[in-house]
Every structure is written in C-alpha cells, then in structure tokens.
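Undergrad: Sequence plus the predicted model coming up.
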Amino acid sequence: MNDREIKKRIESYRRKQKLSQADRAEKLSISQTAYYKIEKGNTSLISDHLPKIASALNLPEEALVLGYDPKDVESLE
C-alpha cells in the first residue's frame, strides 16, 4: 500500500464526483488546507483520516487502497 497512490485515488474519485476540496473538507469537518495536505501534502493517510475520507466519498476504504471496489469484482464473478 502506497500513500501516494491512495492520495491520487482520493483526488480522482473526488473529481469524478465533481466535488471541490472545500466540499470534502466541510464534510470531514476539517479546513480546506488540511484536506489539500491530505491529497497533495505530507499528511499520512494510514490513520483515522482514511475511513473518514472513504465515508465522505461514499466508498469503501478498499476502493481507495486497492484502486477498485471489491464488491464490483464479486458481482462480475
């Protein structure tokens, strides 16, 4: 698991949902600067931030860590 890849996925999912960093920061009850640092900065995600971000994006944590939702794979089988 690589923090850099997870941060890229968080940004990608946020953009696909057409949400701003300010939108996500508000949902997470953090400042926009703090959210920016999560996506671009030095904030470690392997903490309590990852579950909150996944929840704010309405995704399972696995989607951010693995790059896909395991439920989607199961439905293809």
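TA: Perfect, thanks for sending it. Residues are numbered from 1 along each chain as shown.
Undergrad: Residues contacting the longest helix seen in the chain, please?
TA: As assigned by DSSP state H, the longest helix anywhere in the chain is helix 3-16. Outside of helix 3-16, the residues within contact range by Cβ atoms under 8 Å, 6 or more residues apart in numbering are 21, 24, 38-40, 44-46, 50, 53, 57, 59, 63-65, 67. Backbone N, C-alpha and C define where each C-beta goes, glycine included.
Undergrad: same thing with stretch 20-30?
TA: For stretch 20-30, the external contacting residues (Cβ under 8 Å, 6+ apart) are 14, 31, 32, 34, 35, 36, 39, 52, 53, 56, 57.
Undergrad: let's go with 7 Å and repeat that
TA: Contact with stretch 20-30 is made by 14, 31, 32, 34, 35, 36, 39, 52, 53, 56, as judged by Cβ atoms under 7 Å, 6 or more residues apart in numbering.
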